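[1] 3D, please:
(chains A and B)
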Amino acid sequence: MNFSVETYRLENGMPVVKLGGEVDVYTTPKMKEQLASLIESGSQRIAVDLSEVNYFDSTALGALIGALRRVKEQEGSILVIGAQPRVRRVFEVTGLDGVFEMYESADQASKL
Amino acid sequence: MAGIQEADCVEIKVPCKPEYVGVVRLAILGVANRMGFSFDDVEDIRLAVGEVCAAAVERAKKNNRQNTDIVVRSCIADDRLTIDILDNAGRREELPADFNIDSDPRGIADLLITILVNEVNIIGNDEGTKVSLVKYAS
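    Coordinates of the predicted model:
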């Protein structure tokens, strides 16, 4: 399976879900698990690192939207870090680049 | 016959389950590369086919039809790649005309597919759906 998921924290303490490979209908549940776990433990601002993702489909986008709705209930947000051009395009053509905070790198997000 | 081009066709059949959608994407990658599409066009085709298959898988799960198959038939002609994706996952649910992507992510797949390929044709019934995608060669 060409997929990986790990969690780390930025210098400012923000949790980051770092994904790798292909995030699709098969692997998205694992991303959802990580996001749900962080939200349930009280995280309101969560970053999703897509710098090593080469496939990101509507299932994955839908899961991100679901997570965003949950954190918004606590006035939180979901940040998207390092989306490669092909993945970024998916956000752009669906207009979701205006819904999520998009950053080029973890460094930028850590300065928040 | 005038107007009809010969085409080489590649067909793959996989179980209508999430773990096999990646297999279809890989096969389509090979077919699209065979045609000499640009990198961006190949990625567009891969994503479009992936979206159609993912939708079939989700529908199969919802309709308890995970024991059915998805058949993907791709035909290479001089000026286009035609991909038919057939499933028996049950009836495809139509989205309301005023759906909102923020509140209804199901529409994301449909939107993506129409942007990624040149032609989309969908035929459905109670048994399943046939989605035909066409990508023109540059």
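
[2] centre-most residue in chain A?
    residue A:48 (2.7 Å; CA atoms, centre = their mean).

[3] for that one, give me the pLDDT.
    At residue A:48, the model reports a pLDDT of 97.

[4] and the helix or strand harbouring it, what does it pack onto?
    Take DSSP states H and E as the rule and residue A:48 turns out to sit in strand A:45-56. Packing partners of strand A:45-56 (3 or more CB pairs under 8 Å, 6 or more residues apart in numbering or on different chains; DSSP states H and E): strand A:15-23, helix A:28-40, helix A:58-72, strand A:77-81, helix A:85-93, helix A:106-110, helix B:39-62. Using the backbone N, CA and C atoms, a C-beta is placed for each residue, glycine as well.

[5] one more time with 6 Å
    Counting by 3 or more CB pairs under 6 Å, 6 or more residues apart in numbering or on different chains; DSSP states H and E, the packing neighbours recorded for strand A:45-56 are strand A:15-23, strand A:77-81, helix A:85-93.

[6] out of those, the one nearest residue A:61 is which?
    helix A:85-93 (6.8 Å; CB to CB).

[7] chain center to whichever helix or strand comes after the closest one: distance?
    Helices and strands here follow DSSP H and E; after helix A:85-93, the next one along the chain is strand A:101-103. Centre-to-centre, strand A:101-103 and its host chain are 10 Å apart (CA atoms, centre = their mean, to the nearest Å).

[8] buried ones in strand A:101-103?
    A:102-103 (16 or more other CB atoms under 10 Å in any protein chain shown).

[9] same check on stretch B:60-79?
    So, applying 16+ other CB under 10 Å, buried residues of stretch B:60-79: B:60-61, B:65, B:68-77.

[10] for chain A, state which of these is nearest.
    Nearest to chain A among the buried residues of stretch B:60-79 is residue B:61, at 9.4 Å by CB to the nearest CB.

[11] what does the pLDDT read for that closest one?
    95.

[12] which elements pack onto the host helix or strand of residue B:30?
    Taking DSSP H and E as the criterion, residue B:30 maps to helix B:21-34. Helices and strands touching helix B:21-34, by 3+ CB pairs under 6 Å, 6+ apart, are strand B:8-15, helix B:39-62.

[13] the inter-axis angle of that helix versus strand B:8-15?
    Compare the direction of helix B:21-34 with that of strand B:8-15 by axes from the mean of the first three to the mean of the last three CA atoms, to 10 degrees and you get 170 degrees.

[14] so which of the buried residues of stretch B:60-79 are also by chain A?
    With CB under 6 Å from any CB of the partner chain as the criterion, the buried residues of stretch B:60-79 include none near chain A.

[15] low-confidence ranges in the chain?
    Chain wasn't specified; assuming chain A. Filtered on pLDDT under 70, chain A yields the residue ranges A:1, A:112.

[16] wait, chain B
    B:1-6, B:95-105.

[17] just to revisit the earlier point, chain B: which of the helices and strands packed on strand A:45-56 is closest?
    helix A:85-93 (5.2 Å).

[18] ok so, going back, could you say which of the helices and strands packed on helix B:21-34 is packed most deeply?
    Each of the helices and strands packed on helix B:21-34 was scored by mean neighbour count; the highest is helix B:39-62, a mean of 22, by mean count of other CB atoms under 10 Å in any protein chain shown.

[19] which strands or helices does the helix or strand following it pack on?
    Of the helices and strands lying after helix B:39-62 in sequence (DSSP H and E), the nearest is strand B:69-76. Contacts defined by 3+ CB pairs under 6 Å, 6+ apart place strand B:69-76 against strand B:8-15, strand B:80-87.
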